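Visitor: Curious how this folds, go ahead:
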Amino acid sequence: MDRLRRHTSRLEVLPVSDAITWRAIDLLRNANLHGHKYAIDSVVAATALGYAGPRIIVTSDADDMNKLCGDRVRVVGV
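Guide: Down below sits the predicted model:
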């Protein structure tokens, strides 16, 4: 439990801004994806792409994240 607390204490919770929303829409269009199935993935991808420097997304859906992010984000499947 201490390890989990240590890792989660390093997380940053961000609001979904207009910029992230529009970036997410663009990602969906560029990947030719649509519908609610991909909405959350696209917001996560858009948020990661808004950060400078190394970016890593840990996900159970690596295939869709790779479609959305390409090689601009390191996607790690779990």
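Visitor: Quick one: the strands in this protein, in order.
Guide: Using DSSP state E, the strands of the chain run over residues 56-59, 74-77.
Visitor: could the ones you listed be laid out in JSON lines, adding distance to residue 8, mean pLDDT and mean neighbour count?
Guide: For glycine as for every other residue, the C-beta is placed from the backbone atoms N, C-alpha and C. Conversion of these to JSON lines gives the following (distance: least, C-beta to C-beta, whole Å; pLDDT from 0 to 100; neighbours: other C-beta atoms under 10 Å):
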{"stretch": "strand 56-59", "distance to residue 8": "13", "mean pLDDT": "91", "mean neighbour count": "15"}
{"stretch": "strand 74-77", "distance to residue 8": "17", "mean pLDDT": "92", "mean neighbour count": "14"}
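Visitor: So for residue 32, which of these sits nearest?
Guide: Residue 32 sits nearest to strand 74-77 of all those, at 18.2 Å, using C-beta to C-beta.
Visitor: Burial check on the nearest residue to residue 45 once chain neighbours are set aside, number of neighbours?
Guide: Leaving out its chain neighbours, the residue that sits closest to residue 45 by C-beta to C-beta, 6 or more residues apart in numbering is residue 68, at 4.1 Å. One way to gauge burial is a neighbour count; for residue 68, by other C-beta atoms under 10 Å, it gives 27.
Visitor: Any figure for the gap between residue 68 and residue 3?
Guide: Relative to residue 3, residue 68 is positioned 30 Å away (criterion: C-beta to C-beta, to the nearest Å).
Visitor: Please report how far the spatially closest residue to residue 25 that is not a sequence neighbour lies from residue 22.
Guide: Across the structure, with C-beta to C-beta, 6+ apart as the measure, the residue nearest residue 25 apart from its sequence neighbours is residue 42 (7.5 Å). Computed with C-beta to C-beta, the distance linking residue 42 and residue 22 is 11 Å.
Visitor: Tell me which of these two has more neighbours.
Guide: A side-by-side neighbour count of residue 42 and residue 22, using other C-beta under 10 Å, places residue 42 first with 26 against 11.
Visitor: Nothing else from me, thank you.
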